Structure formats: C-alpha cells, structure tokens
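Chemist: here is my input, please return the structure:
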Amino acid sequence: MDINFNKNEDQMKLALSEMRTKMELVSLGGGKKAIEKQHEKNKLTARERIAYLCDKDKPFIEIGAFAGDGMYPEYGGCPAGGTVGGLAYVSGRLCVIAANDQTVKAGAWFPITGKKNLRLQEIALENRLPIIYLVDSAGVFLPMQDEIFPDKEHFGRIFRNNARMSGMGIVQIAAVMGACVAGGAYLPIMSDETLMVEGNGSIFLAGPYLVKAAIGEDIDQETLGGAVTHTEISGIADYKFKTEEECLDEVKRIMSRIGSPTLAGYHRIKPVQPKKNSSDIYGIMPADSSKPYDMLEIIERIIDDSAFDQFKEDYGKTIICGYGRIDGWAVGIVANQRKMVKSKKGEMQMGGVIYNDSADKAARFIMNCNQKKIPLLFLQDVTGFMVGSRSEHAGIIKDGAKMVNAVANSIVPKITIIVGNSYGAGNYAMCGKAYDPRFIFAWPSAKIAVMGGEQAAKTLLQIQVSGMKAKGQEISPEQEKKLLDDITKKYQSQTSPYYAAARLWVDGIIDPVQTRQIVSECIAAANNAPIAESMKLGVFQV
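Modeler: Got it, this is the predicted structure:
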C-alpha cells in the first residue's frame, strides 16, 4: 500500500472513532442520572426496550441517531431527537420501531422530535412495514410549542399518518410504558392494538393538575388514566401487564401472528462476499475531498463477488452506471466518477462533475432500471454540473433536467449513500433528500452544501467586503483574512455530516464497511411495498 492509502485509512479510522465516541454520548440520552431515575421506577430506557424487543440474530438499523446533534443548547440539547427508532426484526418480521426517550426532557417533543417521528412513519408508509410505538412522553415541549404544534409537518401530522396507515392496512401497535398526554393520547388509540403497563402507563387528554385547574376535580393519575382504568372502565386499551417485559413479550406474540406481506419481488439470489476487501475503502477514500480516486474501486468493494456490469462504459464517463448485486439483491448503481477521465472527443473531464453526456447516460439507465423493476443505489461524490459557455451552448441545463426528471419520476426504491461531496444541483440529480430516496445515509467523509467551502467562503467574503466598502468602510488585508477565516469555519461546520444528520437531511452516518448490510436491509424493507404503476416522465426537452 502506498503512503496516501495509509494516510487516508488513518483519517477515516479517526473519523469513525469520533463517530463512535459521539454515539456513546447519544446512547446515554438525558444522562446517567436520568437513566438511574428511570430504573428506580422499574422502567427500562428506550434503548433497553428496543434491545429486549428485537430479534437477537438480526440487525437493528437505527434511523436518526444524531438527530438534534448540537441543537437547542439553551435547553440542554435533545440527544437523538428525544426518540430512538429504526428498522428492526421482531418475531422474524421486519418493522419500524419508534420509542420515546423519557430520559430526554421527560420524552417531550422538540421540533426535531416531530420531524424524526414523521420520518419513521414515512418509512413505514412507503415500505408498508408494521410500526411499533413505545410510548413514554410528556407531550409537546411547551417553550417551543409554536415550532411543533400547528403546521403541516408538525405534531398533528402524526395522527393524520396513524389514520392513513390504518386505512392502508399497515399494522400499528402501541405499548404505553409511561405518560401519554394531551394530543399524544390519540396515537395509541388510533393504533390497531394498545398495551399498557400498570403503575407507569397512563393515557389522558389532561393530567391531574390541569383537571384540577380546569374543573376543580381532585383525582390521581392512575384513577384518571391508568392501565386498570383504560382496560376495565373506558375500554380504550386492550391489554394490561405488571411489567414492561411482559408487555413487550405480548408485542412479540402479536407480531408473530401477522400475515405474510405481498412482496414487490425484487430479485435476490444467494449472497457472495466481494472478492476485494471492503475495508480497503478506508484507504481508497481520500482524506482531502478535492483529491481524485477511482469510484469503481469503491463499487467493487461493496457488490457481491466484485462483479459489476457497466452500462455505456465508454460514454459519459464522469458518471458510472451499471448492474450488480448487494447481499444477493439485484441493484442498479449510479455513481459519480471522481478521477479525471477522457471524453469521447479526447478531452479531459474533471472527476465529480456532471457533463452533458453523463447526465444523458444516467437518465437512460434510471429508466432502464424502472423498466426492469431493479432498485437504484446512488453513490454521491459530486461537485455539481459543468459550467461555462461550451456546456451551456451544448444544453447542459436541458440534459441536467432530463436526469432530474428521471430521478424524480423513478418508481423503484432509491437508496442514496453520500460518500464524499454533495454540492449544488449535483445533490438533486444524484437523488438527494429532496428527491425522496427511500433511505439516505452518509459516510463520515460526506460534505453537503450548495457549493464547496472554499468557493462559498470567497463568494460570501466578496459580498461582505463590497457591502462594507459601499458604506465607506475601509478594510485591511488582515481584517479581510480574519473575516475569510471566520466565514470558512462557519461554512465548513455547516457542511459536516453531523450537521446534516442533526437535521435529518440524512437518516444516519455509517461506517463504509457497513454499507452492504445497510443497503441490503433497506431493499428488504422496500420489498414489502409492491409497485402498482409504471414510470411516467411527463414533458422535458430532448
């Protein structure tokens, strides 16, 4: 191995070590003292509940682990968005789990909590997966109620989704392990089956204090809305249990009886490990995101037997398209080529840039995958579309629009992995968050922004300096340098994968070596939702 490989490997391992350290902090939720208080009440934490519920021989693919990272410092933060959730197997059945984390502000809903819960429901909706709610929440976080309560994508959308999923025949199970108050009380009742734990589980529109204030009635929590009340008097809940473990055991039994889903039928054969070592990705992926590398080397360390059939191999070379298998699943791969390549006219083209011919090729390949019902995997390391008079005269906007049209109207599952740069319109064309990938993850090497940090910082500097000069202010070279450094630092922090993960622009940050397993589970999830229509493109310039 050469020295650059070793440097790249060291940098990636350092980034992964940082990710694991951050994840250890996230897994503590509201902290050790809050966890101890939970245990003192004979309650498990959200992560302990999920661990007890899930099949031990199957993976749990966590969604939104870094949601809320660095957000709401004035309120002490909101680790994992106050909710733990993801793809899981329960009694052999693939499903979605959403568990309130009571150790984080009593499970109260911050704006990011609402966004994360809606994302988990979206995954269940799109992939027609059963969803299990583990409820333990104090309701809306009142200091931020205006950012979580009234809008379309706010708290109320949860219950709208409950109703939509029920109408679609998607199984919903709610286990009430703690508080379930105010508007949140509708969630378990709009689920198919509601389970409660005696002594801790409670459901009511208004708690004892609010009842006293509103109508003057003195009543305790258990009598008002405890498990006995709702299983024996109101009839709202279906089962009650002495312990959380007994409650979760019943969830397992319910899941074991659900009928088999109608599958989409994506093709799968016996998996074969890649011939090339997957861990080599650490050394291939440059520590410097501006450096070139051969994306084909990455692909061959992800796909089965390292066997890849390239589509139009000698045309549009800055995008690689082709067919392979991941853990046995047939996939179509669209990936940005990051090394310099020679065009059909013998000209050198910059890696990571989408040219006219590349966009044209990718659009055609996406349509082919839709015709054959083959899921699409996008590997993003893109700096944008080619600019300049030659590209504009050749119709780069037209060809780019053709590719965007194909991505937007694709009906097969789209899974996106941001491995490096994800800049500008390249993010859109390569199926960024705005283009509804079923799942979207990032490697620690990912950078997401409207343009590269250096270009953006210089552009912002020019704007600020021009504004200052227009006001008659003088600026020295030293002041200009400090201003540039400040702008660069702020901009770079916003391009970090953690900044993206905190805001759920991506579903998570993953170890590159885990890419095969995660993509496989994402396709398995998508396979639960049959496609009932054909791809329609509408009108575009040809």
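Chemist: Glu153 reaches Leu118, doesn't it?
Modeler: Yes. Judged on Cβ atoms under 8 Å, Glu153 makes contact with Leu118 at a distance of 6.3 Å. Bear in mind the C-beta positions are built from the backbone N, C-alpha and C, glycine included.
Chemist: which one of these two has more residues nearby?
Modeler: Applying other Cβ atoms under 10 Å to Glu153 and Leu118 shows that Leu118 carries more neighbours, namely 19 against 11.
Chemist: what about the nearest residue to the more buried one once chain neighbours are set aside, helix or strand, and which?
Modeler: Distances taken as Cβ to Cβ, 6 or more residues apart in numbering place Arg157 nearest to Leu118, at 5.8 Å, with adjacent residues excluded. In this structure, Arg157 sits in helix 156-167 according to DSSP states H and E.
Chemist: buried residues, the helix or strand where Lys489 lies. List them.
Modeler: Assigned by DSSP H and E, Lys489 belongs to helix 477-495. Going by neighbour count (16 or more other Cβ atoms under 10 Å), the buried part of helix 477-495 is Leu483, Leu484, Ile487, Thr488, Tyr491, Gln492, Thr495.
Chemist: and the fourth one, how far is that from Gln494?
Modeler: So the one you mean is Thr488. Going from Thr488 to Gln494 by Cβ to Cβ, to the nearest Å gives 11 Å.
Chemist: by mean pLDDT, which helix or strand of this protein comes out lowest?
Modeler: Lowest mean confidence among the helices and strands of the chain (mean pLDDT, DSSP states H and E): helix 453-470, at a mean of 74.
Chemist: and that one, what does it pack onto?
Modeler: Helix 453-470 sits against helix 477-495, with contacts defined as 3 or more Cβ pairs under 8 Å, 6 or more residues apart in numbering; DSSP states H and E.
Chemist: any idea which helix or strand comes after the helix it packs on?
Modeler: Going down the chain from helix 477-495, the next helix or strand is helix 497-502, by DSSP H and E.
Chemist: whichever helix or strand comes after that following helix: how far from the chain's middle?
Modeler: Counting by DSSP H and E, the next helix or strand C-terminal to helix 497-502 is strand 508-509. Strand 508-509 sits 7 Å away from the centroid of its parent chain (Cα atoms, centre = their mean, to the nearest Å).
Chemist: same check on stretch 365-377?
Modeler: 22 Å.
Chemist: do stretch 413-428 as well
Modeler: How far stretch 413-428 lies from its chain's middle: 13 Å, per Cα atoms, centre = their mean.
Chemist: so for that stretch, what's the average pLDDT?
Modeler: Averaged across stretch 413-428, the pLDDT comes to 96.
Chemist: before we move on, what about stretch 528-539?
Modeler: 85.
Chemist: got the CA positions of it in PDB?
Modeler: In PDB, the C-alpha atoms belonging to stretch 528-539 read as follows (Å, rounded to 0.1, in the frame of the first residue of the first chain):
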ATOM      1  CA  ASN A 528     -42.700  -5.100   1.300                       C
ATOM      2  CA  ALA A 529     -44.300  -2.500  -0.900                       C
ATOM      3  CA  PRO A 530     -45.300  -3.700  -4.300                       C
ATOM      4  CA  ILE A 531     -45.200  -1.200  -7.200                       C
ATOM      5  CA  ALA A 532     -48.600  -0.800  -8.800                       C
ATOM      6  CA  GLU A 533     -47.700   1.700 -11.600                       C
ATOM      7  CA  SER A 534     -45.300   2.300 -14.400                       C
ATOM      8  CA  MET A 535     -42.800   5.100 -14.700                       C
ATOM      9  CA  LYS A 536     -44.200   8.300 -16.300                       C
ATOM     10  CA  LEU A 537     -41.800  11.100 -17.300                       C
ATOM     11  CA  GLY A 538     -44.100  13.900 -18.400                       C
ATOM     12  CA  VAL A 539     -42.700  16.700 -20.700                       C
END
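Chemist: in that stretch, which residues are buried?
Modeler: Under 16+ other Cβ under 10 Å, the buried positions of stretch 528-539 are Asn528, Ala529.
Chemist: can you give me the pLDDT of the residue sitting furthest away from the middle of the chain?
Modeler: In terms of distance from the mean C-alpha position of the chain, Gly472 ranks first, at 47.3 Å (Cα atoms, centre = their mean). You'll see Gly472 listed with a pLDDT of 80.
Chemist: now the end-to-end length of stretch 254-261.
Modeler: From its first residue to its last, stretch 254-261 covers 15 Å (Cα to Cα, to the nearest Å).
Chemist: kindly report the same for stretch 405-419.
Modeler: 23 Å.
Chemist: now swap in stretch 163-183 and tell me
Modeler: 14 Å.
Chemist: picking that back up, tell me the angle the least confident helix or strand of the chain makes with helix 477-495.
Modeler: Put simply, helix 453-470 runs at 130 degrees to helix 477-495, going by axes from the mean of the first three to the mean of the last three Cα atoms, to 10 degrees.
Chemist: so what touches helix 453-470?
Modeler: For helix 453-470, contacts defined as Cβ atoms under 8 Å, 6 or more residues apart in numbering pick out 447, 449-451, 475, 480, 483-484, 487-488, 491-492, 495.
Chemist: would you format those residues as CSV with distance to Gly199 and pLDDT included?
Modeler: CSV is the format used below for the contacts of helix 453-470 (distance: Cβ to Cβ, whole Å; pLDDT from 0 to 100):
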residue, distance to Gly199, pLDDT
Lys447, 49, 94
Ala449, 50, 87
Val450, 52, 80
Met451, 56, 72
Ile475, 66, 79
Glu480, 65, 73
Leu483, 60, 78
Leu484, 60, 77
Ile487, 55, 76
Thr488, 55, 76
Tyr491, 51, 75
Gln492, 50, 80
Thr495, 48, 90
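Chemist: which among those gets closest to Ile510?
Modeler: The shortest approach to Ile510 among the contacts of helix 453-470 belongs to Lys447, at 15.5 Å (Cβ to Cβ).
Chemist: contacts only, for that closest one.
Modeler: Lys447 makes contact with Ser289, Gly420, Asn421, Ser422, Tyr423, Gly453, Thr495, Ser496, Pro497, according to Cβ under 8 Å, 6+ apart.
Chemist: count of neighbours near the fifth one?
Modeler: Going back to what we said before, that points to Tyr423. Applying other Cβ under 10 Å, we find 25 residues neighbouring Tyr423.
Chemist: with the last one instead?
Modeler: Applying the criterion other Cβ under 10 Å, we find 25 residues in the vicinity of Pro497.
Chemist: my read: it touches Ile440, true?
Modeler: No. Using Cβ under 8 Å as the test, Pro497 is too far from Ile440 to be in contact (11.4 Å).
Chemist: can you list residues touching both of these two?
Modeler: Common contacts of Pro497 and Ile440 (Cβ under 8 Å, 6+ apart): Ile418, Val506.
Chemist: the residue farthest from the centre of the chain belongs to a strand?
Modeler: No. Secondary structure assignment (DSSP: H, G, I helix; E, B strand; the rest coil) places Gly472 in coil, not in a strand.
Chemist: just flag the most distant two among the contacts of helix 453-470.
Modeler: Using Cβ to Cβ, the contacts of helix 453-470 span at most 29.0 Å, a distance reached by Lys447 and Ile475.
Chemist: the stretch 51-200 of the chain: strands as residue ranges?
Modeler: 61-62, 83-90, 93-100, 131-137, 172-181, 193-197 (DSSP state E, counting those that start in this stretch).
Chemist: distance of the residue nearest to Leu118 relative to Gly169?
Modeler: Distance from Arg157 to Gly169, by Cβ to Cβ: 20 Å.
Chemist: mind checking which of the two has more residues around it?
Modeler: Neighbour tally, Arg157 and Gly169, criterion other Cβ under 10 Å: the higher count belongs to Arg157, 17 against 9.
Chemist: ok, the more buried one touching Glu122?
Modeler: No. Using Cβ under 8 Å, Arg157 is not in contact with Glu122; the gap is 10.0 Å.
Chemist: distance of Leu377 from Gly259?
Modeler: 30 Å.
Chemist: between the two, who's got more neighbours?
Modeler: Using other Cβ under 10 Å, the more surrounded residue of Leu377 and Gly259 is Leu377, with 28 against 6.
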